[in-house]
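Peer 1: Everything below, folded, please.
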Amino acid sequence: MINVGVLGATGAVGQRFVQLLADHPWFNLTTLTASDRSAGKTYGSVVNWRLDSPFPDSSAELIVSPTTVDAVKDCDVVFSALPADIATKLETDIADAGVGVCSNASSHRMEADVPLMIAEVNPEHAALIDVQRKKGRDGFIVTNPNCSTIMLATALAPLRKFPFTNINVATMQAISGAGFEGVPAFSIYDNVIPYIGSEEEKMAREANKILGILEGGKITGAPFTVSASCNRVPVIDGHTLNVWIDIKATPAEVIDAFKTWQPPFSGLPTQPDHTVLYLDQENRPQPRLDRNRGNAMTVSVGRVREGIRFVAMGHNTIRGAAGASVLNAELLHTMKYI
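Peer 2: A predicted model of the protein is given here:
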């Protein structure tokens, strides 16, 4: 078994990591870290479990450690749900100490030698780990994208066989994306908030890196631009995207691409049967009805129209965060990086 830990295990994404890792067939969850006020206590006694899945009893008696390099030195890989300001230095120190880091934090996503990965979309970018190791790093850092970017880039993956340039996207993002305490109830009930800090910028730059070409140890960004308008809406889980794309393809060709696309590998524990699933109903996808498809790892698409316009939707804390990071680690294990 591969010993793994979770950094920031009591927060929204941290709890998702614990849920996904508790009974994982490859990964043995041995270490959980949190703030100093939780350190030294059992996870079951300090976590305020808020997920809609049962609390994993196998994690209840794990003693929470402080979030330090020493706390994870016996792990093969750690999953980071840390805030970006804490993750910047700590993830670097952990990787330099010889431990693999699969991070949901934004701190290192755009660094030239750090893979920004969606496992089924750009697995070849894992080779950037070799670039890190040539610089003397014993471990590695691999990041997954922003939650809305994951939905967009995954939906675009089947369309790469067609030339496309400008992409416009309007998001309707769930409140869970802001963390448990992120949006006050009085602010979001009966409301839409048309601003999410730095979200639009992340979508614009991250998608180019994900769909870019790796040559000679460097990524050349994809030749398109993304213009995003991001909104917080009163949905608990599930980000919905309206996408307009300048593409040389007909609606029928786009629908066929969605329906026939296959990722470059299959069979990993967290991988869904359908990474991208096209729904023919004219009023789908919908968060409440479709976010849990493929154990919440499927990105559902629909409503392809002239233009080309379509809708994409996925579960933001699973496919868009913790699940994406776990799937990255599974892929890295098959590639002998873990």
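Peer 1: Which positions in stretch 151-169 come out as buried?
Peer 2: By 16 or more other Cβ atoms under 10 Å, the buried positions in stretch 151-169 come out as Met151, Leu152, Ala153, Thr154, Ala155, Leu156, Ala157, Pro158, Leu159, Phe164, Ile167, Val169. Heads up, the C-betas are built off the backbone N, CA and C, glycines and all.
Peer 1: so the last one is in which element?
Peer 2: Per DSSP states H and E: Val169 is located in strand 164-173.
Peer 1: How about the first one?
Peer 2: In this assignment (DSSP H and E), Met151 forms part of helix 147-156.
Peer 1: hang on, isn't Asn191 packed against Pro234?
Peer 2: Yes: assessed by Cβ atoms under 8 Å, Asn191 is found in contact with Pro234 at 6.9 Å.
Peer 1: neighbour-wise, which of the two wins?
Peer 2: Comparing Asn191 with Pro234 by other Cβ atoms under 10 Å, the one with more neighbours is Pro234, at 16 against 12.
Peer 1: does that one count as helix, strand or coil?
Peer 2: Taking DSSP: H, G, I helix; E, B strand; the rest coil as the rule, one finds Pro234 in the coil state.
Peer 1: Quick one: residues contacting it.
Peer 2: Ile175, Ile188, Tyr189, Asp190, Asn191, Val192 (Cβ atoms under 8 Å, 6 or more residues apart in numbering).
Peer 1: Most neighbours among the residues you listed, which one?
Peer 2: Highest neighbour count within those: Ile175, with 21 neighbours (other Cβ under 10 Å).
Peer 1: which residue sits closest to that residue in space, ignoring its chain neighbours?
Peer 2: In this structure, Ile175 finds its nearest non-sequential neighbour in Val183, 4.9 Å apart by Cβ to Cβ, 6 or more residues apart in numbering.
Peer 1: okay, now Ala9: neighbour count?
Peer 2: Here the count is done by other Cβ under 10 Å, and Ala9 has 28 residues near it.
Peer 1: likewise Pro184?
Peer 2: Each residue near Pro184 was counted by other Cβ under 10 Å, and the total is 9.
Peer 1: Need the phi and psi values for it.
Peer 2: Here is the backbone geometry of Pro184 (degrees, to the nearest 10): phi -60, psi 140.
Peer 1: ok, now how distant is it from Val304?
Peer 2: Going from Pro184 to Val304 by Cβ to Cβ, to the nearest Å gives 37 Å.
Peer 1: same question, Ala34
Peer 2: Remark: distance between Ala34 and Val304 (Cβ to Cβ) = 44 Å.
Peer 1: right, and Val72 touches Leu7 too?
Peer 2: Yes: taking contacts as Cβ under 8 Å, Val72 lies within contact range of Leu7: 7.4 Å.
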